[in-house]
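Colleague: structure of the sequence below:
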Amino acid sequence: MAKYILHGGGASTSNNTDAFFKEILKGAQEGDLVLLVYFARPQDCWRGCFEQDSIQMQACSSVKLSFELARPEAFDEQVLRAKVIYLCGGHTPPLLNELQRHPKFADLVGDKIVVGSSAGAYALAQYAYSIESQCVRKGLGILPVRVVAHYNGNSSILKKFPTDSEGLETVLLKEGEYQVFEK
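Modeller: Next comes the predicted model:
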């Protein structure tokens, strides 16, 4: 069974970053591979994000982990080897575009830990409402939920979801908040 963690964004700046990273790494074993995916961000910032996140995550783990930067050309193979897959936030369309180039992604996940922060959460969900662009996006539908990251308490945005999403669980996540799902 896979464990999914949806995060409301601001993973690098929120006050509960340590709690979030500890939840991600709960049960990690020595040498487990953490795949850090920055497809939602411009490629020229991937290396810096990778260095920052891997240092922060390792500091939250009691065991020595292995970290790898996701590369589009090797993504399927990297997902197979990883114990944790962290879809970092940024802009949803480039992340979705790249993940759609890997149609077996959901099947490759198996019993791994898959984390989506902001744009990553949107990609994993059936539907997502972006506070920034004020629009509803259809995600990959790996989790049958409606997600709002960076939630600001405005419940009127729920009316913007399509009517076919009404039976789905709604996940409202303020920055720094996260919710765990098992599937």
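Colleague: CA atoms for contacts and neighbours, from now on please.
Modeller: OK.
Colleague: can you find the helix or strand in the protein with the smallest mean pLDDT?
Modeller: helix 17-25 (a mean of 92; mean pLDDT, DSSP states H and E).
Colleague: for that helix, buried residues please.
Modeller: Going by neighbour count (16 or more other Cα atoms under 10 Å), the buried part of helix 17-25 is 17, 18, 20, 21, 22, 23, 24, 25.
Colleague: correct me, but residue 105 touches residue 99?
Modeller: Yes: the criterion here is Cα atoms under 8 Å, and residue 105 meets it with residue 99 at 7.2 Å.
Colleague: comparing those two, which residue is more hemmed in?
Modeller: Each of residue 105 and residue 99 had its neighbours counted (other Cα atoms under 10 Å), and the higher figure belongs to residue 99 (20 against 17).
Colleague: so the more buried one is in which element?
Modeller: Using DSSP states H and E, residue 99 falls within helix 92-100.
Colleague: in terms of secondary structure, what does whichever helix or strand comes after that helix contact?
Modeller: As assigned by DSSP H and E, the chain's next helix or strand after helix 92-100 is helix 105-109. Using 3 or more Cα pairs under 8 Å, 6 or more residues apart in numbering; DSSP states H and E, the elements in contact with helix 105-109 are helix 75-81.
Colleague: the chain: strands as residue ranges?
Modeller: Along the chain, the segments classed as strands by DSSP state E run 3-7, 33-37, 66-69, 84-87, 113-117, 125-130, 135-138, 143-149, 169-173, 178-182.
Colleague: quick check: mean pLDDT of the second one?
Modeller: Strand 33-37 shows a mean pLDDT of 98 in the predicted model.
Colleague: contact partners for the closest residue to residue 139 other than its chain neighbours?
Modeller: Take residue 139 and drop its neighbours on the chain: the residue closest to it by Cα to Cα, 6 or more residues apart in numbering is residue 123, 4.5 Å away. Counting by Cα atoms under 8 Å, 6 or more residues apart in numbering, residue 123 touches 92, 95, 96, 116, 138, 139, 140, 141.
Colleague: quick check: bridge partners of the residue most central in space within the chain?
Modeller: To find the centre residue of the chain, average its C-alpha atoms and take the closest one (Cα atoms, centre = their mean): that gives residue 116, at 0.9 Å. Per DSSP bridges, the residues bridged to residue 116 are residue 6, residue 87.
Colleague: tell me the pLDDT of it.
Modeller: The predicted structure lists residue 116 with a pLDDT of 98.
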